[in-house]
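Student: 3D, please:
(one chain, ligands or ions: 1)
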Amino acid sequence: MDFTWTEEQETIRRRAARFAAEYVAPYAAKWDREPSFPESAVRACARTGLTGLTVPKELGGPGASTVSYALAITEIAAACSSTAVTIAVTSMVAETIARLGTPEQQERYLPPLLSGEFAAGSFALSEPGAGSDAGALRTRAEYRDPDVVIHGEKSWISSGPYAGVFVVWARTGEGEGTRGMSAFLVEPSDPGFSVGRKEEKMGLRASPTVSLNFEDCHIPKERLLGETGRGFRIAMQALDGGRIGVASQALGIARAAIDVVERYYQVHSHRLGAFEKGRLAQMKAEFVAARLMILRAAWRKDNGVPFSAKAAMAKAFSTETANKICQEAVNLLGEDGCTDDYPVERLFRDCRVTTIYEGTSEIQRIVISRSFLRDAT
Ligand code: CAA
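Tutor: Reported below is the predicted structural model:
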């Protein structure tokens, strides 16, 4: 076992750290306060070759490993979690199109996603009545040759107002529940499509979260992504990888919180007693445990070893640990931690949703327990 970075991993980690220092960190507090979408930063990220990192070289992508992707998202999230989630979801969309798209779909959507011509890609699975129970979604898609007509509503969609392409899940009638749904590629200019209400959120305020409306939305039938009726599986496979991204995002937030506390004690050394040293030591140990879990899940994905449960474990553990670390960071700074003089209050707010989106911690525990109960039988 080798715990040193490969040349590729170190190169990408450094590139992401440089990108974050130049384009993201100086503006993160302002984007949060206004709030405003970091459009120029996410486009610059793509131009730097950090969006869609795992898209294979033969499809025009960087062809990097999931481990490198996890390192890059961690670096970017340490500067601004809203920017990191935008890049992570766009990368998940690009990877899914690379994996399942027809050559025509790959040619149409991958270059603009990878170059930054599209500021973002969106993943439209959740609905007002289908969050954790993704199989309960009600959006319908009907084949009316030569089109598919989509009708329904999606909610909690990241980057909706800025996305150049949406992966949209809808029922196509092959079966009940998780069976009988398919994935489609929808463009913002498609007739019958509109972006709805924007949520006012406690954190990740620079990442717009909206509802989407489909009112007899006509798209060409060639926009089916993957096999018809296999949509649930497509969503779950994408989320397996996406959860490594959210775990890395939480890890970046945790690292930023620890950094703030350490810098604080360099200035306020009289406040650093045995209690504070002990808390800081515990934060660091838990941070390292989370990082190892993420890297294990990423390594398994890169090596073709089943990784669904390991990604779920990394997601649940890292996001819960990061929330604890952020809470502790606020505590350790005392009243200073509750003001915007220090970024820990923003990190605390940004971190909260990571235990919820792309599957709550309870959902991750279902995925984990099913894997070991299956292994045990
Ligand atoms: N890979 C491949 N196939 C999978 C799979 C996986 N990881 N997980 C399940 N499947 C397949 C199963 O094998 C099964 O296939 P068959 O029908 O052929 O037997 C089928 O999918 C149904 O699986 P389950 O019986 O396990 O389904 P379930 O209804 O019990 O639900 C669940 C499973 C894990 C609870 C799932 O519903 C889930 O993950 N829910 C959370 C959804 C989620 O994460 N939503 C987040 C949306 S994105 C977001 O947050 C917004 C954003 O932009 C950031």
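Student: Show me the helices in the stretch 101-250 of the chain, by range?
Tutor: Assigned by DSSP state H, counting those that start in this stretch, the helices in the stretch 101-250 of the chain fall at 103-115, 231-267.
Student: tell me what the shortest one is packed against?
Tutor: When contacts are defined as 3 or more C-beta pairs under 8 Å, 6 or more residues apart in numbering; DSSP states H and E, helix 103-115 sits against helix 39-47, helix 81-100, strand 163-171. C-beta coordinates here come from the backbone N, C-alpha and C atoms, glycine included.
Student: before we move on, back to that, Ala130: which of the helices of the stretch 101-250 of the chain is closest?
Tutor: Go through the helices of the stretch 101-250 of the chain one by one with C-beta to C-beta and the one that ends up closest to Ala130 is helix 231-267, at 11.0 Å.
Student: is the closest one up against the ligand anywhere?
Tutor: Yes: for helix 231-267, a contact with the ligand is found by C-beta under 6 Å from any ligand atom, at Phe232, Arg233, Met236, Gln237, Leu239, Asp240.
Student: Give the rounded mean pLDDT of that helix.
Tutor: On average, the pLDDT along helix 231-267 is 98.
Student: Highest mean neighbour count out of the helices of the stretch 101-250 of the chain?
Tutor: Each of the helices of the stretch 101-250 of the chain was assessed for mean neighbour count using mean count of other C-beta atoms under 10 Å. The highest is helix 231-267, with a mean of 24.
Student: by how many degrees do whichever helix or strand comes after it and helix 231-267 diverge?
Tutor: Next in sequence after helix 231-267, counting helices and strands by DSSP states H and E, comes helix 274-302. Calculated by axes from the mean of the first three to the mean of the last three C-alpha atoms, to 10 degrees, helix 274-302 forms an angle of 150 degrees with helix 231-267.
Student: Would you tell me whether helix 274-302 gets close to the ligand?
Tutor: No: under the criterion of C-beta under 6 Å from any ligand atom, the ligand is not reached by helix 274-302; the shortest gap measures 11.6 Å.
Student: just checking, what packs against the helix-or-strand element of the chain with minimal mean pLDDT?
Tutor: When each helix and strand of the chain is scored by mean pLDDT, DSSP states H and E, helix 361-376 comes last, with a mean of 89. If contacts are counted by 3+ C-beta pairs under 8 Å, 6+ apart, helix 361-376 sits against helix 308-333.
Student: pLDDT of the helix it packs on, averaged?
Tutor: Across helix 308-333, pLDDT averages out at 98.
Student: residues near the residue lying closest to Lys324 once chain neighbours are set aside, how many?
Tutor: With C-beta to C-beta, 6 or more residues apart in numbering as the criterion, Lys324 has its nearest non-adjacent residue at 7.0 Å, and that residue is Glu286. Glu286 has 20 neighbours, counted by other C-beta atoms under 10 Å.
Student: Identify the residues contacting stretch 16-36?
Tutor: Applying C-beta atoms under 8 Å, 6 or more residues apart in numbering, the external contacts of stretch 16-36 come out as 37-38, 40-41, 44-45, 48, 50, 71-73, 75-76, 78-80, 82-83, 205-206, 340, 343, 346, 350.
Student: can you pull the buried residues of it?
Tutor: By 16 or more other C-beta atoms under 10 Å, the buried positions in stretch 16-36 come out as Ala16, Ala17, Phe19, Ala20, Tyr23, Val24, Ala25, Tyr27, Ala28, Trp31, Asp32, Pro35.
Student: Stretch 324-338 too?
Tutor: Buried-residue list, stretch 324-338, by 16+ other C-beta under 10 Å: Lys324, Ile325, Cys326, Gln327, Glu328, Ala329, Val330, Leu332, Leu333, Asp336, Gly337.
Student: re the thing from before, what subset of the contacts of stretch 16-36 is buried?
Tutor: 37-38, 41, 44-45, 48, 50, 71-73, 75-76, 78-80, 82-83, 205-206, 343, 346, 350.
Student: what residues does the stretch 51-200 of the chain put near the ligand?
Tutor: Val89, Phe123, Leu125, Ser126, Ser132, Asp133, Ala134, Gly135, Trp156, Ser158, Thr178, Arg179.
Student: Around the nearest residue to the fifth one once chain neighbours are set aside, how many other residues sit close by?
Tutor: Translated: Ser132. Nearest non-adjacent residue to Ser132, counting by C-beta to C-beta, 6+ apart: Ile363, 5.4 Å away. By other C-beta under 10 Å, 20 other residues sit near Ile363.
Student: Could you do the one 5 residues further on as well?
Tutor: Ile368 has 19 neighbouring residues, counting by other C-beta under 10 Å.
Student: residues touching it, list them.
Tutor: So Ile368 contacts Ala309, Ala312, Met313, Ala316 (C-beta under 8 Å, 6+ apart).
Student: Now render those residues as CSV, adding neighbour count.
Tutor: As requested, the contacts of Ile368 are exported to CSV (neighbours: other C-beta atoms under 10 Å):
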residue, neighbour count
Ala309, 20
Ala312, 27
Met313, 22
Ala316, 23
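Student: Out of those residues, flag the one nearest to Ala98.
Tutor: Checking those against Ala98 with C-beta to C-beta, the nearest one is Ala312 at 22.8 Å.
Student: Look up how far Asp340 lies from the closest residue to Phe214 other than its chain neighbours.
Tutor: Of all residues not flanking Phe214 in the chain, Ile150 sits nearest, at 4.3 Å (C-beta to C-beta, 6+ apart). Ile150 sits 42 Å away from Asp340, going by C-beta to C-beta, to the nearest Å.
Student: winner for burial among the helices and strands packed on helix 103-115?
Tutor: Counting by mean count of other C-beta under 10 Å, the most buried of the helices and strands packed on helix 103-115 turns out to be helix 81-100, with a mean of 27.
Student: and the angle from it to helix 308-333?
Tutor: 170 degrees.
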